[in-house]
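*Asks:* Sequence and predicted structure, then a few things I'm wondering about:
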Amino acid sequence: MTSLDKDETGAAAGPETPTGDPLIVLDGVNKWFGSLHVLREVNVAVDRGEVVVVIGPSGSGKSTLCRTINRLEPINSGSITFDGRPLPAEGKALARLRSEVGMVFQSFNLFAHKTILENVMLGPVKVRKEKSDVARDRAFALLDRVGIRDQADKYPAQLSGGQQQRAAIARALAMQPKALLFDEPTSALDPEMVGEVLEVMTSLAREGMTMVVVTHEMGFARHAANRVVFMADGQLVEQAAPNEFFTNPQSERAKDFLSKIL
Ligand code: ADP
Ligand code: MG
């Protein structure tokens, strides 16, 4: 495989390994839902400490791409490696992978009948078998970091959407993940709450967290991403540094997409 491999659109799909030290590597990944070919020969590598923003039209496979990385979705062909190892299919190794690859969803997905503090402590105590006082101390520190320490004893429904999403980020961080995947983390939020969540994400990016972020927030892409990946119809159509991508998109599909959203 070379970085000069072309996909069906004629756009270069590579390079598979941009620079440095890859943490997540997808190589020739294909995925079908029944007869629907949702990921088509996807090659992409994410380096340790890199922030990759994934954009593209609805239905292009962005969520599916994210979900394959922590094996919420199995793939049909190709390979995915995380931290040098192929993704495990089951058992303890899969549980470990899921703790190493945190995921933040559009819909927060907090446990409704647990307090914010309990939500953040649960994974460390249940999965990582941490002592609860250790988990509690770190949970408070993380809630502090995302600015909602004073909400620790409330239930999710008592928080605003922006606060719930910050709690979800704290919960993901509590597992001390090697990478975080964000699938449209601000899409369900009222506009006035988008900023507070992006601010937390931007600070994580600056601190060197490896992040894959599906988002329509082009300001975040411009300021926090090392690389923008554009998907359409299950294909990785092009990828470039944000400034390059936004000022000089190469493919017709990217130009068309940007003309609609910018
Ligand atoms: P995006 O996140 O870019 O909007 P998705 O990854 O959610 O795209 O979906 C890609 C395609 O796969 C869409 O056509 C969608 O309808 C389809 N799809 C997603 N999940 C499933 C599923 N569990 N079963 C069948 N089809 C699905
Ligand atoms: Mg999606």
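*Replies:* Sure, I can see it. Numbers count the residues shown, from 1 in each chain. Ligands and ions are numbered 1, 2, ... in the order given.

*Asks:* Can you tell me how far Val125 is from Ser63?
*Replies:* 29 Å (Cβ to Cβ, to the nearest Å). Every C-beta, even on glycine, is put in place using the N, C-alpha and C of the backbone.

*Asks:* wait, I meant Val197
*Replies:* In terms of Cβ to Cβ, Val197 sits 18 Å off from Ser63.

*Asks:* So those two - more neighbours on which side?
*Replies:* Val197 (25 against 20; other Cβ atoms under 10 Å).

*Asks:* And the pLDDT at the more buried one?
*Replies:* We have a pLDDT of 98 for Val197.

*Asks:* From Asp133, how far out is it?
*Replies:* Applying Cβ to Cβ to Val197 and Asp133 gives a distance of 29 Å.

*Asks:* Would you map the strands across the protein?
*Replies:* With DSSP state E applied, the chain shows strands at 22-33, 36-47, 51-55, 77-82, 85-86, 101-104, 179-183, 210-214, 227-232, 235-240, listed in chain order.

*Asks:* Centre of the chain to the shortest one, how far?
*Replies:* Translated: strand 85-86. Put simply, strand 85-86 sits 19 Å off its chain's centre (Cα atoms, centre = their mean, to the nearest Å).

*Asks:* Can you give the contact residues for it?
*Replies:* Applying Cβ atoms under 8 Å, 6 or more residues apart in numbering, the external contacts of strand 85-86 come out as Ser79, Ile80.

*Asks:* Count the residues that sit near the residue lying closest to Arg98 once chain neighbours are set aside.
*Replies:* Closest residue to Arg98 in three dimensions, ignoring its sequence neighbours and counting by Cβ to Cβ, 6 or more residues apart in numbering: Asn70, at 5.4 Å. Neighbour count of Asn70, defined by other Cβ under 10 Å: 22.

*Asks:* What about the residue nearest to Asp27 when sequence neighbours are not counted, how many residues nearby?
*Replies:* Of all residues not flanking Asp27 in the chain, Ser79 sits nearest, at 4.9 Å (Cβ to Cβ, 6+ apart). Per other Cβ under 10 Å, the neighbour tally for Ser79 reads 12.

*Asks:* Return the alpha-carbon coordinates of stretch 71-79 using PDB.
*Replies:* Presented in PDB, the C-alpha positions along stretch 71-79 are these (Å, rounded to 0.1, in the frame of the first residue of the first chain):
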ATOM      1  CA  ARG A  71     -15.400  -1.900  18.100                       C
ATOM      2  CA  LEU A  72     -18.900  -0.900  18.800                       C
ATOM      3  CA  GLU A  73     -19.200  -1.900  15.200                       C
ATOM      4  CA  PRO A  74     -17.200  -4.800  13.700                       C
ATOM      5  CA  ILE A  75     -15.800  -4.300  10.200                       C
ATOM      6  CA  ASN A  76     -16.000  -6.700   7.200                       C
ATOM      7  CA  SER A  77     -12.600  -6.300   5.800                       C
ATOM      8  CA  GLY A  78      -9.300  -4.400   6.300                       C
ATOM      9  CA  SER A  79      -7.700  -3.900   9.600                       C
END
